[in-house]
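Q: next comes the sequence, and after it the predicted model I'd like to discuss.
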Amino acid sequence: MVVVSLTSYHEGDDASCIIEPGEHPFIRRRTTVLYQEAIPASNDGLHTKADHGELILQGRMRSDVLDRIRRAVMKSQYVPRQCKKILTDQGLTGSS
């Protein structure tokens, strides 16, 4: 599994994947996926961080938005190679 962060979009930011308000309850303004901070993770590791207050779990991402995030992984020049390999090995990057 690979975890990415989201951040408010500003002109000139990586626009590989933009998420608009309304596509997730947590998104209140135009947002971009911060692919350069993508990190490998595990379900157990995420739950441990959440249990210790280091991570706040938000609601599930709509499947169409999650698919768009996954497809854009290969378009972004900022995704760490290790993360691209993990997603490719899992068959989660789409055909782009």
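A: Cool, got the structure.
Q: gap between the residue of the chain most remote from its centre and residue 3?
A: Outermost residue of the chain with respect to the C-alpha centroid, by CA atoms, centre = their mean, is residue 52; its distance is 21.7 Å. Separation of residue 52 from residue 3 (CB to CB, to the nearest Å) stands at 16 Å. Bear in mind the C-beta positions are built from the backbone N, C-alpha and C, glycine included.
Q: now do the helices in the chain.
A: Under the criterion DSSP state H, helices of the chain are mapped to 43-51, 63-72, 81-89.
Q: among those, which is nearest residue 8?
A: With respect to residue 8, and counting by CB to CB, the nearest of the helices of the chain is helix 63-72 at 16.3 Å.
Q: can you list contacts of the closest one?
A: Around helix 63-72, the neighbours that count as contacts under CB atoms under 8 Å, 6 or more residues apart in numbering are 4, 16-17, 19, 23-24, 33, 35, 61, 87, 92-94, 96.
Q: pull out the buried members of these.
A: Burial by neighbour count, 16 or more other CB atoms under 10 Å: within these this picks out 4, 16, 17, 19, 24, 33, 35, 61, 87, 92, 93.
Q: for the last one, which non-adjacent residue is closest in space?
A: Nearest residue to residue 93, sequence neighbours excluded (CB to CB, 6 or more residues apart in numbering): residue 87, at 4.8 Å.
Q: count of neighbours near residue 38?
A: Burial measure for residue 38: 22 neighbouring residues, criterion other CB atoms under 10 Å.
Q: what does residue 72 give?
A: Using other CB under 10 Å, residue 72 is surrounded by 22 other residues.
Q: quick check: it vs residue 9, distance?
A: When CB to CB is the yardstick, residue 72 and residue 9 sit 13 Å from each other.
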